[in-house]
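# what shape does this take:
(one chain, ligands or ions: 1)
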Amino acid sequence: MKKVYLAGGLLALAGAAIWAYAGDEIQFRLGGAMVNVGYRLQDPIADYDFAHHLLTPPQVWEQFMRQNQMASSVRQQWPRTSRHPVVAMVTCMDSRLDTNEIAGDTRRYYYVLRLAGSVLSVKEEEMLELAADNGVEVIVFTTHTDCAAEKASKNPAQRAKYPNLVKSIEERDLRFQEFLDRPNVKEKTAAGKLMVKWMDLDTQTERVAPHVRAGARLRPNFAEPESFR
Ligand SMILES: [Zn+2]
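Numbers count the residues shown, from 1 in each chain. Next up is the predicted model:
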């Protein structure tokens, strides 16, 4: 009987040691697995989108409100923790991009800027700079495959229909460079207090890889800053 107690005690001790050493990691991964179970349960249900569109706008709106009320009542019951993000992410507005999935994290550690075609304007540049002043250390600027805004900029009919969108896509590199050149941003990156990365996102898997600039050969004088790599 003593042996059983001893074995039980050792087992409990080993469990406690593992939990003390890797408890957070186990809890984080378990949470991620459960989130994915939720995705797998909801993913096959197709109520409405372009391909499964059986509802009228008022019915879609009603469903949106119903789901919001359900979700917000759950949130009221189990509030979540406020975080102070150290990462800011810029992504396109494409619905296939899920910033929780890109970051592999459902905690609120990320400022998110969603912009058509990921094109910054001066106000977003200032917002990112403000975020950096408030403690953001890494800015992940992303563009993605199969981007509708990029495709529109290459399609003659859509170019005529959406001239401002096309113009902004053509300015994207310059806007990004303009952000890097802001004195405060330049000073922070040079001092190693801020890292700015431009990454390409695979829309299907949401894996990020260093950005490959399509126009690099056309404009040899365009300086390749550290942050592009
Ligand atoms: Zn896009």
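# near the ion, which residues of the chain?
92, 94, 147, 149 (C-beta under 5 Å from the ion). Placement of C-beta: from N, CA and C, glycine included.
# just the strands in the protein please.
87-91, 110-114, 138-144, 195-201, 208-210 (DSSP state E).
# what's opposite the residue lying closest to Arg207 once chain neighbours are set aside in the beta bridge?
Nearest residue to Arg207, sequence neighbours excluded (C-beta to C-beta, 6 or more residues apart in numbering): Leu201, at 7.4 Å. On the basis of DSSP bridges, Leu201 is bridged to His144, Val208.
# ok, Gly38 - contacts?
Not one residue lies near Gly38 by C-beta atoms under 8 Å, 6 or more residues apart in numbering.
# picking up where we left off before, out of the strands of the chain, which is closest to Pro58?
Closest of the strands of the chain to Pro58 is strand 110-114, at 26.1 Å (criterion: C-beta to C-beta).
# mean confidence for the closest one?
Summarised as a single mean, pLDDT over strand 110-114 is 96.
# pull up the pairing partners for it, direction included.
Partners of strand 110-114, by DSSP bridges, with direction: strand 87-91 (parallel).
# ok, and what's touching the partner strand?
Under C-beta under 8 Å, 6+ apart, the answer for strand 87-91 is 97, 99, 102-103, 109-115, 118, 120, 124, 128, 131-132, 136-142, 144, 201.
# test my guess that the residue nearest to Arg207 contacts Thr143.
Yes - if you go by C-beta atoms under 8 Å, Leu201 and Thr143 touch, sitting 7.0 Å apart.
# pLDDT wise, what is the nearest residue to Phe179 once chain neighbours are set aside at?
Spatially, and ignoring its direct neighbours in sequence, Phe179 is nearest to Glu125 (4.6 Å; C-beta to C-beta, 6+ apart). With respect to pLDDT, Glu125 scores 97.
# can you get me a residue count around Glu125?
As a burial measure, Glu125 scores 18 neighbours (other C-beta atoms under 10 Å).
# now it: how far from Leu10?
Applying C-beta to C-beta, to the nearest Å, the value for Glu125 to Leu10 is 59 Å.
# what's the answer for Gln76, then?
For Gln76, the distance to Leu10 - C-beta to C-beta - is 44 Å.
# which residues are in contact with stretch 118-126?
Contacts for stretch 118-126 (C-beta under 8 Å, 6+ apart): 90-92, 113, 115, 128, 141-144, 149, 168-169, 171-172, 175-176, 178-179, 182.
# buried sites along that stretch?
Using 16 or more other C-beta atoms under 10 Å as the test for burial, stretch 118-126 gives 118-120, 124-125.
# can you list the domains in this protein?
1-45, 46-79, 87-228 (automatic domain parsing).
# just say which of these is most tucked in.
With neighbours taken as mean count of other C-beta atoms under 10 Å, those reach their highest mean count in domain 87-228, at a mean of 15.
# what about that domain, distance to the chain center?
Here domain 87-228 is found 11 Å from its chain centre; the criterion is C-alpha atoms, centre = their mean, to the nearest Å.
# repeat for stretch 51-67
In terms of C-alpha atoms, centre = their mean, the centre of stretch 51-67 is set 26 Å apart from its chain centre.
# what residues does it touch?
46-48.
# mind picking the one among those that's closest to the ion?
Tyr48 (21.2 Å; C-beta to the ion).
# mind pulling up the pLDDT for the closest one?
pLDDT at Tyr48 comes out at 76.
# name the nearest residue to it, sequence neighbours excluded.
In space, Tyr48 is closest to Leu55, 5.0 Å off (C-beta to C-beta, 6+ apart).
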